[in-house]
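J.: Predicted model and sequence below, questions to follow.
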Amino acid sequence: MHLAIAGNIGSGKTTLTTLLSKHYKFEPHYEDVEDNPYISDFYEDMQRWSFNLQIYFLNSRYNTVLGLQKSKKNIIQDRTIYEDANIFAPNLHSMGLMSTRDFETYQKLFESLNQTIKAPDLLVYLRASIPSLVNNIQKRGRDYEDSIRLDYLKRLNERYEAWISTYKHKHIIIEVDDLNYAERPEDLGKVISRIETEINGLF
């Protein structure tokens with residue numbers, strides 16, 4: 001079983017991944033942020049480091065997916081390879097922060113890699129408003145995220161909505177603005193109930 005959590009920066013993916021991995025006893029796979037050699041530089045100078053960052057994430061997530069496909073373990077993944085290719089890289093290109101040449105190279109590489117992987121059994125998309133994202137980002141206090149601009153988050157949200165509306169594989173959408181599954185067990189229960197309904201339909 002491969003369960004994946006998708007959502008914008010600050011939507012609560014990592015928290016939910018941790019809680020669900022404990023509940024289901026699935027092996028968690030987290031986004032490689034803390035050890036990412038480009039992320040701090042990227043937030044300081046997005047135009048200079050956007051291509052490097054996206055290639056790093058693409059390689060990291062591709063290797064994760066390959067490992068998942070070979071593994072017989074039940075896995076829960078924090079963010080998917082599709083989000084990089086359909087949201088983050090196109091957004092950087094449209095904002096003029098990634099050149100057309102670099103973007104086209106990135107897209108061709110993704111298309112090649114995408115032919116060798118399969119989608120998660122179930123994708124959980126966490127939908128959050130900009131105020132909710134900002135609040136969560138501020139609460140976790142990562143230094144390199146201090147310079148994230150509101151217009152950047154807004155553009156990402158718009159792309160997430162466009163992407164999930166055309167996502168053809170099994171997925172559910174969770175509205176997270178009024179949920180606090182980290183502190184309220186009943187909220188986590190609501191999410192688990194939605195997931196259970198979909199999982200039971202898979203088998």
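T.: That came through fine. Here the structure is a predicted model, which means the values were calculated and not measured.
J.: which residues sit against the helix or strand T64 falls within?
T.: Applying DSSP states H and E as the criterion places T64 in helix 46-70. Contact with helix 46-70 is made by 2, 29, 32, 36-39, 41-42, 75, 77, 79-81, 84-85, 88-89, 92, 95-99, 102, 105-106, 109-110, 113, 116-118, as judged by Cβ atoms under 8 Å, 6 or more residues apart in numbering. To be clear about C-beta, it is placed using only N, CA and C from the backbone, and glycine gets the same treatment.
J.: same deal with stretch 82-102?
T.: 6, 46-47, 50-51, 54, 57-58, 61, 103, 106-107, 110, 114, 119, 152, 155-156, 159-160, 163, 167.
J.: Just the buried subset of those, written out for PyMOL, thanks.
T.: A single PyMOL command selects the buried members of these (16 or more other Cβ atoms under 10 Å):
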select buried, resi 6+46+50+51+54+57+58+61+103+106+110+119+152+155+156+159+160+163+167
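J.: continuing past the helix holding T64, what's the next helix or strand?
T.: Helix 46-70 is succeeded, C-terminally, by strand 75-78 (DSSP H and E).
J.: quick revisit: could you pull up the mean pLDDT of the helix holding T64?
T.: Helix 46-70 comes out with an average pLDDT of 91.
J.: now stretch 92-109
T.: 96.
J.: Generate the PyMOL command that creates a selection of the buried members of the contacts of helix 46-70.
T.: In PyMOL, this line selects whichever of these come out buried by 16+ other Cβ under 10 Å:
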select buried, resi 2+29+32+36+38+39+42+75+77+79+80+81+84+85+88+89+92+97+98+102+106+109+110+113
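J.: Return the subset of the contacts of helix 46-70 lying in strands.
T.: Among those, the subset assigned to strands under DSSP state E consists of H2, H29, I75, Q77.
J.: quick one: which two of those residues are the most distant?
T.: H2 and H29 (9.6 Å; Cβ to Cβ).
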